[in-house]
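Asks: okay, structure incoming, though there's no sequence with it:
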């Protein structure tokens, strides 16, 4: 039992250490010697820089997607409030009709309105649950994009160092290749973990989406048009 507890705390400490190490900025290699490299020798560095640029673009998209997810959730909250207000109005109308001894047809119509409002509320609640999960997905994918950018930055430094070492440039001797490689490996491991967390969250959103769609299909004709489109959880933006 004691060994299990010690092992548990050891795993926590290891995970924390890994997290902290991935948060440290990547050390820059002295790249003043790159000017001595020819075009072929510079190709790996150029490729790494291109990938780093793509990673920056992906991070910008991830941040925009997170903002969109927040906006959709805010709209869903407003729609839920509207559905609740509609239900209260229908219930108040039914109470008034009862006092006025309204006809069966009038009572049947207001009861139908109440049932429709209750269905709208149920659909609105399921939609909000789905969009809350999709916001979690967007936040996870934002963290993944940040992690990938850190990896790309480190791999650019790694490419610089390897290119200069291959060309026997003196500046390459000022950097520790082992530390650079270790840094890249740590960041790749951290990125893989973030990728798995994001994928697991997106997979869990599928069930919530299907439940919402099943309920929403019953009240689609009564629902107001979406002010913002709501993508399925498997759609990439």
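Replies: It's in. Note that the coordinates shown come from a computational prediction; the quantities given were computed from them, not determined experimentally.
Asks: going forward, measure contacts and count neighbours with C-alpha atoms only.
Replies: OK.
Asks: and the residue of the chain positioned farthest from its centre, how far from residue 85?
Replies: Distance from the C-alpha centroid of the chain, by Cα atoms, centre = their mean, peaks at residue 101 (54.7 Å). Using Cα to Cα, to the nearest Å, residue 101 is found at 24 Å from residue 85.
Asks: please apply the same query to residue 44.
Replies: The value you get for residue 44 to residue 85, if Cα to Cα is used, is 62 Å.
Asks: helices of this protein, start to end?
Replies: With DSSP state H as the criterion, the chain has helices at 2-23, 39-99, 104-166, 177-216.
Asks: so for the shortest one, mean pLDDT?
Replies: Rounded to a whole number, the mean pLDDT of helix 2-23 is 48.
Asks: ditto for the third one
Replies: Per-residue pLDDT over helix 104-166 has a mean of 93.
Asks: return the list of helices and strands in contact with that helix.
Replies: helix 39-99, helix 177-216 (3 or more Cα pairs under 8 Å, 6 or more residues apart in numbering; DSSP states H and E).
Asks: gap between the residue farthest from the centre of the chain and residue 107?
Replies: Counting by Cα to Cα, the gap from residue 101 to residue 107 is 9 Å.
Asks: among the helices and strands packed on helix 104-166, which is nearest residue 161?
Replies: helix 177-216 (7.4 Å; Cα to Cα).
Asks: list the buried residues of that closest one.
Replies: 177, 180, 183-184, 186-191, 194-195, 197-199, 201-202, 205-206, 208-210, 212-213, 215-216 (16 or more other Cα atoms under 10 Å).
Asks: quick one: it to helix 104-166, angle?
Replies: 170 degrees (axes from the mean of the first three to the mean of the last three Cα atoms, to 10 degrees).
Asks: from the chain's centroid, how far away is helix 177-216?
Replies: Here helix 177-216 shows a centroid-to-chain-centroid distance of 8 Å under the convention Cα atoms, centre = their mean, to the nearest Å.
Asks: and stretch 81-97, by the same measure?
Replies: Taking mean C-alpha positions (Cα atoms, centre = their mean), stretch 81-97 and its chain are 37 Å apart.
Asks: give me the contacts around that stretch.
Replies: 106-107, 110-111, 113-114, 117-118, 120-121, 124 (Cα atoms under 8 Å, 6 or more residues apart in numbering).
Asks: drop anything exposed from the residues you listed.
Replies: 107, 110-111, 113-114, 117-118, 120-121, 124.
Asks: for those, which one is nearest residue 76?
Replies: Of the buried ones among the contacts of stretch 81-97, the one sitting nearest to residue 76 (Cα to Cα) turns out to be residue 124, at 6.9 Å.
Asks: where's residue 210 relative to residue 217, distance?
Replies: 11 Å.
Asks: just want the most central residue of this protein.
Replies: Short answer for the chain (Cα atoms, centre = their mean): residue 138, at 2.0 Å.
Asks: what's the closest residue to residue 164 other than its chain neighbours in contact with, if anything?
Replies: Spatial nearest neighbour of residue 164, excluding adjacent residues (Cα to Cα, 6 or more residues apart in numbering): residue 172 at 5.6 Å. Applying Cα under 8 Å, 6+ apart to residue 172 gives the contacts 30, 33, 161, 164-165.
Asks: show me which pair in those residues is furthest apart.
Replies: It's 30 and 165 that sit farthest apart of the contacts of residue 172, by Cα to Cα, at 11.9 Å.
Asks: residue 152 - how many residues pack around it?
Replies: 24 (other Cα atoms under 10 Å).
Asks: residue 91 now?
Replies: With other Cα under 10 Å as criterion, residue 91 counts 17.
Asks: so residue 144 sits right up against residue 199, yeah?
Replies: No: using Cα atoms under 8 Å, residue 144 is not in contact with residue 199, being 10.3 Å away.
Asks: with that, I have no additional questions.
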